[in-house]
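Novice: when you get a sec, could you give me coordinates for this:
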Amino acid sequence: MKFIFLLFSFLSISASAQILSERERAQLKDELLADRFNSLLPQLMDETSIDMWLVISREYNEDPVMKTMLPATWLNARRRTILVFYRNKALNTIEKLAVARYDVGENIVSAWDKEKQPDQWTRLVEIIQERNPGTIGINYSEYFGISDGLVKTDYEELLEALPEAMEQKLVSAEKLSIAWIETRSEQEMKILEQMVKITHDIIDEAFSLKVITPGTTTTDDVVWWMRQKVTDLGLETWFHPTIDIQRSNEILKSHIESFSKGKEDQFILPGDLLHCDFGITYMGLNTDCQQHAYVLEKGEEEVPAFLQNAFSLGNRVQDIFTGNFVEGSTGNQILQMSLEQGKQEGLRPSIYTHPLGTYGHSSGTTFGMWDSQEGVPVNGDYPLHINTVYAIELNTTVTIEEWQKDIRIMLEEAGFFGVNGFNYVNGRQEAIKAIK
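Specialist: Down below sits the predicted model:
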């Protein structure tokens with residue numbers, strides 16, 4: 001498989017990352033899709049016991065799963081698009097068909113000639129009859145939104161078209177759709193590693209005197225600088241960034257305020273402990289990162305030791321948490337084990353880690369939410385699988401005697417769980433950045 005590598009400057013993101021052109025991106029996207037369809041999908045269908053998978057959408061109302069399957073030149077589905085994936089395990093084959101007027105890119109072949117069979121649903125029934133699958137997966141799910149993409153109208157028309165014997169074969173494709181969304185290929189991980197590096201570089205520049213003039217620059221100024229930087233590089237963000245401040249003379253905000261995206265615009269001053277929440281989108285993948293910086297006061301040469309020590313406790317919570325990653329364990333099991341271990345060490349942790357990749361808040365194993373530290377029903381019971389990526393998002397509250405108050409160290413980094421265990425995709429922050 002021809003693979004085009006994303007290039008970027010190792011010296012400074014301001015030197016302009018060499019992002020692929022639109023044409024090159026399209027070529028790479030279709031190559032990645034081909035690899036996923038031919039190498040990954042058969043394995044996932046076998047593991048989830050789905051012989052045939054139907055993904056059905058109408059234009060501008062796409063199933064979230066279908067969005068990840070469309071070729072680069074298809075920005076949306078066309079009319080009603082029905083994708084049919086048929087796995088013949090005995091012959092070790094995978095068919096990728098479209099009950100549509102066109103081939104869906106180079107990977108999915110049109111299997112409907114309207115002149116021969118005017119009715120689209122009837123043609124679908126013919127395709128199913130010709131292959132006689134044991135199980136037919138469709139995308140509905142009560143708890144996993146990304147897996148619940150089959151809309152009511154299409155569902156009802158599908159049922160009306162299918163003979164009763166075929167209807168009895170319908171099952172939820174929840175596990176298959178989650179696996180498709182959460183599992184990363186080797187090629188995708190090469191891209192994601194470079195994306196996280198770019199994310200870190202943008203944060204480094206944002207948290208510097210190139211962008212921040214203490215007493216003049218506001219938090220919103222930095223937010224919009226980050227948005228513009230992303231746009232100028234030819235990238236996108238999947239959420240609006242935030243910059244917030246903790247100060248020695250202000251009480252610690254509640255979790256609700258801390259997680260609000262409507263942050264108060266404040267002037268950045270010497271002595272401020274800054275925190276950002278920032279991520280980018282590229283090639284159908286996403287990053288999500290939270291880091292800290294400190295604005296040195298007059299006479300200070302480095303970040304005060306008491307703040308760096310507090311930050312190290314945040315790193316400790318990360319180590320405890322990711323050290324408990326075991327394939328097959330559920331998110332709730334890992335969450336509770338990690339919280340208990342952290343508290344036994346005298347920490348005050350909060351963990352709310354989510355799957356990351358094709359979507360920012362993606363499908364897969366959920367490890368708590370900031371307001372559900374006792375565990376998350378159903379979604380938190382989903383087991384941990386290999387070749388998956390997570391935004392390792394958490395915090396710990398630390399008492400700062402020098403400030404006579406609590407602060408919250410809030411961290412988030414992309415992490416990969418594979419056959420060799422857990423590792424950060426492009427490292428993690430291990431010390432507060434000094435703005436001087």
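Novice: when you work out contacts or count neighbours from here on, use the C-alpha atoms and nothing else.
Specialist: Will do.
Novice: show me the shaky parts of the stretch 1-150 of the chain.
Specialist: 1-18 (pLDDT under 70).
Novice: mind naming the longest helix for the protein?
Specialist: helix 186-206 (DSSP state H).
Novice: could you pull out the buried residues of that helix?
Specialist: 187-189, 191-206 (16 or more other CA atoms under 10 Å).
Novice: show me where the stretch 101-250 of the chain has helices.
Specialist: For the stretch 101-250 of the chain, the helices defined by DSSP state H, counting those that start in this stretch occupy 120-131, 152-161, 164-167, 174-182, 186-206, 219-232.
Novice: what packs against the shortest one?
Specialist: Using 3 or more CA pairs under 8 Å, 6 or more residues apart in numbering; DSSP states H and E as the contact test, no helix or strand touches helix 164-167.
Novice: thinking again about what came up before, show me what the longest helix of the chain is packed up against.
Specialist: Helix 186-206 packs on helix 219-232, strand 289-295, going by 3+ CA pairs under 8 Å, 6+ apart.
Novice: let me know the angle separating the first one from helix 186-206.
Specialist: With axes from the mean of the first three to the mean of the last three CA atoms, to 10 degrees as the basis, helix 219-232 and helix 186-206 are set at 140 degrees to each other.
Novice: what residues does helix 219-232 touch?
Specialist: 202-203, 206, 211-212, 236-237, 240-244, 265-268, 280 (CA atoms under 8 Å, 6 or more residues apart in numbering).
Novice: what do you get for the last one?
Specialist: When contacts are taken as CA under 8 Å, 6+ apart, the neighbours of strand 289-295 outside the stretch itself are 199-200, 203, 207, 214, 269-279, 303, 391, 409-414, 429, 432-436.
Novice: CA-only coordinates of the following helix or strand past it in PDB, if you can.
Specialist: Sequence order places helix 305-323 as the next helix or strand after strand 289-295, per DSSP states H and E. The C-alpha trace of helix 305-323 is given here as PDB (Å, rounded to 0.1, in the frame of the first residue of the first chain):
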ATOM      1  CA  ALA A 305       8.500  24.400  43.300                       C
ATOM      2  CA  PHE A 306       5.200  24.100  45.100                       C
ATOM      3  CA  LEU A 307       3.300  24.300  41.800                       C
ATOM      4  CA  GLN A 308       5.600  21.900  40.100                       C
ATOM      5  CA  ASN A 309       5.200  19.500  43.000                       C
ATOM      6  CA  ALA A 310       1.400  19.800  42.700                       C
ATOM      7  CA  PHE A 311       1.700  19.100  38.900                       C
ATOM      8  CA  SER A 312       3.700  15.900  39.600                       C
ATOM      9  CA  LEU A 313       0.700  14.600  41.600                       C
ATOM     10  CA  GLY A 314      -1.300  15.000  38.400                       C
ATOM     11  CA  ASN A 315       1.300  12.800  36.600                       C
ATOM     12  CA  ARG A 316       1.000  10.300  39.400                       C
ATOM     13  CA  VAL A 317      -2.800  10.000  38.900                       C
ATOM     14  CA  GLN A 318      -2.100   9.400  35.200                       C
ATOM     15  CA  ASP A 319       0.400   6.600  36.100                       C
ATOM     16  CA  ILE A 320      -2.000   4.900  38.500                       C
ATOM     17  CA  PHE A 321      -4.800   5.000  36.000                       C
ATOM     18  CA  THR A 322      -3.000   3.800  32.900                       C
ATOM     19  CA  GLY A 323      -1.200   1.200  34.900                       C
END
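Novice: okay, the angle between helix 305-323 and strand 289-295?
Specialist: 170 degrees.
Novice: can you count the residues close to the closest residue to Tyr140 other than its chain neighbours?
Specialist: Excluding its sequence neighbours, the residue lying closest to Tyr140 (CA to CA, 6 or more residues apart in numbering) is Asp148, at 4.1 Å. Around Asp148 there are 20 other residues, counting by other CA atoms under 10 Å.
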